[in-house]
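Chemist: predicted coordinates and the sequence they were generated for:
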Amino acid sequence: MPSEQTSAYKIVLWRLEQDAQGYPPASVEGLWAKPTAAGYQVDSVAFYAYGIAPGDIISVTEDGEQSWFDSLQQSGGASVFRIVVKAAGDLDQVRAALEDFGCPCQVEKAVRMLAVEVPPSRSLDTLLYYLLTQREAGTLDFEEGVLRHAIPEEFR
């Protein structure tokens with residue numbers, strides 16, 4: 001939930017495509033957004049929707065009392081990673097490491113998933129090294145929800 005006054009925010013809904021195994025576990029995801037002159041600015045990290053990150057400006061369509069994502073108007077420059085931590089005991093340690101890298105996280109404890117924002121001002125070097133070594137160690141797995149940072153040469 002946004003930290004500022006919540007009356008200025010609204011939940012914008014994204015339609016999600018589920019695969020044959022039923023993933024993601026829902027057909028809709030809601031993200032907080034606040035009105036701006038150019039549309040709505042996304043203010044939370046998506047656990048399941050692709051192509052969207054905090055700071056993005058979007059347009060919405062209204063359907064009764066619900067607001068649905070229509071299109072991306074302007075990228076805010078952030079990237080989003082989703083991380084599944086294999087052992088429950090490692091969740092807090094992984095989250096702390098990511099936040100030490102300057103990457104705010106949201107947690108879905110029931111499935112040990114972190115939705116991670118990589119602000120435009122951060123480099124991917126340390127984060128990618130951490131994610132790749134932890135995946136190799138069997139601690140976690142990850143995917144990109146949206147990648148807007150350049151991939152460092154050593155990871156190509």
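Modeler: Received the coordinates, thanks.

Chemist: quick one: list the elements packing against the longest helix seen in the chain.
Modeler: For the chain, the longest helix by residue count, based on DSSP state H, is helix 125-136. If you count contacts as 3 or more C-beta pairs under 8 Å, 6 or more residues apart in numbering; DSSP states H and E, helix 125-136 packs onto strand 79-85, helix 91-100, strand 140-146. The way it works is simple: take the backbone N, C-alpha and C, and place the C-beta from them, glycine included.

Chemist: number of residues surrounding the nearest residue to residue 88 once chain neighbours are set aside?
Modeler: If you skip the residues right next to it in sequence, residue 88 has residue 112 as its closest partner in space, 5.9 Å away by C-beta to C-beta, 6 or more residues apart in numbering. Residues lying near residue 112 (other C-beta atoms under 10 Å) number 18.

Chemist: from residue 24, how far out is residue 112?
Modeler: Going from residue 112 to residue 24 by C-beta to C-beta, to the nearest Å gives 15 Å.

Chemist: residues of the longest helix of the chain that come out buried?
Modeler: Residues 127, 128, 130, 131, 134 are the ones in helix 125-136 that count as buried (16 or more other C-beta atoms under 10 Å).

Chemist: and for stretch 136-147?
Modeler: 139, 140, 142, 145, 146.

Chemist: domain-wise, how is the protein divided?
Modeler: 6-74, 79-155 (automatic domain parsing).

Chemist: would you turn the ones you listed into CSV with mean pLDDT?
Modeler: Listed next are these as CSV, based on pLDDT from 0 to 100:
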stretch, mean pLDDT
domain 6-74, 94
domain 79-155, 94
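
Chemist: list the strands paired with the one helix or strand residue 34 maps to, with their directions.
Modeler: Counting by DSSP states H and E, the element that carries residue 34 is strand 28-36. Taking DSSP bridges as the criterion, strand 28-36 forms sheet pairs with strand 10-15 (antiparallel), strand 39-42 (antiparallel).
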